[in-house]
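> This is a predicted model, with the sequence first.
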Amino acid sequence: MIMRGFVKKTLELLGFIALILVGAVLGACQMVPNENRLTDVSNLLSLQTNTHLELARDDETHDISPYFQGSLTAKKAIQLTLLENKQLVSLYQNLGIKQADLSQAGLLKNPVLEVSTLFTNEPSSPNIALALVASLSDLLQKPLRQEVARSQLETEKYRVVSAILAYAGQTHRAYITHLASRKSVRFAKQALEIATASQTLAKGLFEAGNISQTAYDKAKARVNQRHADLLKAQAKARQSRAQLHNAMGLDERDLGRWQMPGRMTKLPGSIRPTKAIKRHALQNSLNIAIARQELITFGLQKQLQRRQNLIPDLELGIEYERDDGEKQIGPVGELTIPLFDHGQAKRLKAYHQLRQKEIALNALMRAVANRAALLAQKFKDQSKLRAHYRLKVLPDVTRLQKGALKDYNAMQQGAFGLLTAKEQKLARQQEYFVLQVESWMTLIELTQLLQGHFNQDGLTGLSNFNLTQSDAPLDTGGH
């Protein structure tokens, strides 16, 4: 009977060990689900932008040659960024990392097998002890660990979409900057032509003795300065092209494959009321969604921590021992007693962390609303100023130039007056174009905000070019 009971207990022990080993093998073979993790991101991006944009996928190759047909538009440039910018594409891997964390959260800790062998002075067999222990608290905490990891994965989806919008905005600003730089080259050439004509006239007057050497030297210096302005404008145009090429993530073999259009796209005449813009920005804000999801994650983490405090480290298992030929088998357990640290400091820390996150969320909501209102008002003010230039200032300088030409043909004023009128018209055209560029930069940031990305660093301006002339028109005198 004793032998039969021992055999029965031994078989139960072997069965228990086999069960744990099978579970361990199955857990080790568990793989991260082979799902398309970008699908949710793509759907969310379409929802935020109200348009379809293709994302780069690891298992697909992309033919980008259709995007080089015809002139490069802002939409084409943004799409190329999403497919070719490797810095952006690398962020997609964060989804896989968080997915792996979620899978890891569903795995149990490996059981621990303890083996001890004691030899005595007696010629008998050594004393052998075996113990197989697994963590029960780890099993009880598994559902909450998975909830935490699932919430972190959701947060990462919001982060990736926000990063996509940030890169798209950066490319759009680089696109407008390059268009403006190309236009500045044309303005610089026109200014050089006017200065050259002025120098030619000044040379004739100087040779005829009608102006001084100083006046003639001023005309020559003006040409040199206009030539320097042209060289600077051409350099900035090349640099802005390189910046746009880099923003799209293209390599050297694509340098000559894309061409810019001849002019800038027309700006919208009006935008929605400020209240509607603020409301839409708050509803669509990914920054706010991230902050809220982090609050959810924090709450789940605190629940997990409370469960850990209530159920400390508890390990259960079975032990087998042979001592002087006598075999023994039975359960074994280990429990951490929360005698000194029962989580009181952690609870206090968690309270202040929660308050900090709540206050930060409220501040973020206020910042998004204020930024939306500021950008809306800024664009409206810029629109009014553009309209004033288009309806008043530009027609005035055009009329003055025509009047100067008429007076010149009637011998009522000299050629210098006509050239000055042309230069003044060119200066007003440059000012109007700068207004258009600044309006585009404001509109891009506002569009990003409405699509969900709030640039909290405030680093949105890429247009450092200056289209104004280096000096004021010089009147050399004479006719």
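Thanks, I have the structure now.

> I'd like to know how far Leu40 sits from Ser151.
For the record, residue 40 is Asp, not Leu. Going from Asp40 to Ser151 by CB to CB, to the nearest Å gives 14 Å. (Glycine included, C-beta is placed from N, CA and C.)

> With Tyr167 instead?
Going from Tyr167 to Ser151 by CB to CB gives 25 Å.

> circling back to that earlier point, so for Asp40 and Ser151, which residue has more residues nearby?
Neighbours were counted for Asp40 and for Ser151 using other CB atoms under 10 Å; Ser151 has more, 21 against 16.

> any idea which element the closest residue to Val185 other than its chain neighbours lies in?
Nearest residue to Val185, sequence neighbours excluded (CB to CB, 6 or more residues apart in numbering): Ala233, at 4.6 Å. Here Ala233, judged by DSSP states H and E, is contained in helix 213-248.

> Return the distance of that helix from the chain's centre.
Chain-centre distance of helix 213-248: 33 Å, with CA atoms, centre = their mean, to the nearest Å.

> same deal with stretch 406-425?
52 Å.

> End to end on it, go ahead and measure it.
16 Å (CA to CA, to the nearest Å).

> Pull out the buried residues from it.
Neighbour counts over stretch 406-425 (16 or more other CB atoms under 10 Å) mark 408, 413-425 as buried.

> Mean confidence (pLDDT) on it, please.
The predicted model gives stretch 406-425 an average pLDDT of 82.

> ok, so what distance separates the residue nearest to Ala360 when sequence neighbours are not counted from Leu375?
Of all residues not flanking Ala360 in the chain, Ala291 sits nearest, at 6.7 Å (CB to CB, 6+ apart). Noted for Ala291: a distance of 21 Å to Leu375, by CB to CB.

> So in this structure, where's the weakest helix or strand by average pLDDT?
One helix or strand of the chain scores below all others by mean pLDDT, DSSP states H and E: helix 2-29, with a mean of 47.

> What segments of the stretch 51-200 of the chain are helices?
74-84, 86-91, 93-105, 136-207 (DSSP state H, counting those that start in this stretch).

> of Ala291 and Leu375, who's got more company?
More crowded of Ala291 and Leu375, by other CB under 10 Å: Leu375, with 24 against 20.

> residues contacting the more buried one?
By CB atoms under 8 Å, 6 or more residues apart in numbering, the contact set of Leu375 is Thr442, Glu445, Leu446, Leu449.

> Would you mind measuring from the last one to Leu165?
Using CB to CB, Leu449 is found at 10 Å from Leu165.

> same question, the second one
Counting by CB to CB, the gap from Glu445 to Leu165 is 11 Å.

> Equivalent analysis for the first one, please.
Thr442 is 17 Å from Leu165, where distance means CB to CB.

> Let me know the secondary structure of Gly209.
Following DSSP: H, G, I helix; E, B strand; the rest coil, we place Gly209 in the coil state.

> Burial check on it, number of neighbours?
Neighbourhood size, Gly209 [other CB under 10 Å]: 7.

> same deal with Ser285?
Ser285, neighbours per other CB under 10 Å, totals 27.

> pLDDT value on it, please?
96.

> quick one: contacts for the residue nearest to Val185?
Ser181, Ser184, Val185, Phe187, Ala188, Phe465.

> per-residue pLDDT, it?
pLDDT recorded at Ala233 is 97.

> mind checking how far it is from Ala195?
14 Å.

> Where does the prediction get shaky in the stretch 351-479 of the chain?
412, 458-479 (pLDDT under 70).

> those helices in it, which residues are they?
For the stretch 351-479 of the chain, applying DSSP H, counting those that start in this stretch gives helices covering 394-409, 415-451.

> which one of those helices has the most crowded surroundings?
Of those, the one with the most neighbours on average (mean count of other CB atoms under 10 Å) is helix 415-451, at a mean of 20.

> thinking again about what came up before, quick one: the helix holding Ala233 to helix 136-207, angle?
Interaxial angle of helix 213-248 relative to helix 136-207 (axes from the mean of the first three to the mean of the last three CA atoms, to 10 degrees): 160 degrees.

> relative orientation of helix 213-248 and helix 74-84 in degrees?
Using the same axes, to 10 degrees: helix 213-248 against helix 74-84 is 50 degrees.

> Could you number the chain from 28 rather than 1 from now on?
Done: numbering now begins at 28, and the last item shifts to helix 240-275.

> In space, not sequence, find me the middle residue of this structure.
The centroid of the chain falls nearest to Ala190 when counting by CA atoms, centre = their mean (2.8 Å).

> That residue contacts Leu118, correct?
Yes - in this structure, Ala190 is within contact of Leu118 by CB atoms under 8 Å, at 5.2 Å.

> For the stretch 128-277 of the chain, which residues score under the pLDDT cut-off?
In the stretch 128-277 of the chain (pLDDT under 70), the answer is 145-152.

> that older thread, quick one: name whatever helix or strand follows the least confident helix or strand of the chain.
Downstream of helix 29-56 (by DSSP H and E), the next one is helix 65-76.

> Just the mean pLDDT for that following helix, thanks.
According to the model, helix 65-76 has a mean pLDDT of 90.

> Next, the angle from that helix to helix 442-478.
Orientation of helix 65-76 against helix 442-478 (the same axes, to 10 degrees) gives an angle of 130 degrees.

> Return the set of buried residues in helix 65-76.
For helix 65-76, using 16+ other CB under 10 Å, the buried residues are Leu65, Asp67, Val68, Ser69, Leu71, Leu72, Gln75, Thr76.

> Can you list the neighbours in contact with that helix?
79-80, 82, 84, 119, 122, 184-185, 187-188, 191-192, 311, 313, 478-479.

> ok, 6 Å please
His79, Leu82, Lys184, Val187, Val188, Gln478, Gly479 (CB atoms under 6 Å, 6 or more residues apart in numbering).

> Could you do stretch 307-326 as well?
Contacts with stretch 307-326, where a contact means CB under 6 Å, 6+ apart, come from 178-179, 181-182, 185, 188-189, 384, 388, 391-392, 395-396, 399, 476-477, 479, 481.

> Could you pull up phi and psi at Glu361?
phi -140, psi 130 (degrees, to the nearest 10).

> So what sits opposite it in the bridge?
Per DSSP bridges, the residues bridged to Glu361 are Glu342.

> And it, how close does it get to Ile345?
Distance from Glu361 to Ile345, by CB to CB: 13 Å.

> Comparing these two, which residue is more hemmed in?
Ile345 (19 against 11).

> Work out for me the element that one sits within.
With DSSP H and E as the test, Ile345 turns up in strand 341-350.

> Between helix 163-234 and that strand, find me the angle.
130 degrees.

> what about the strands in the stretch 278-427 of the chain?
341-350, 353-362 (DSSP state E, counting those that start in this stretch).

> so which of those is the most packed in?
Counting by mean count of other CB under 10 Å, strand 341-350 has the highest mean neighbour count of these, with a mean of 17.
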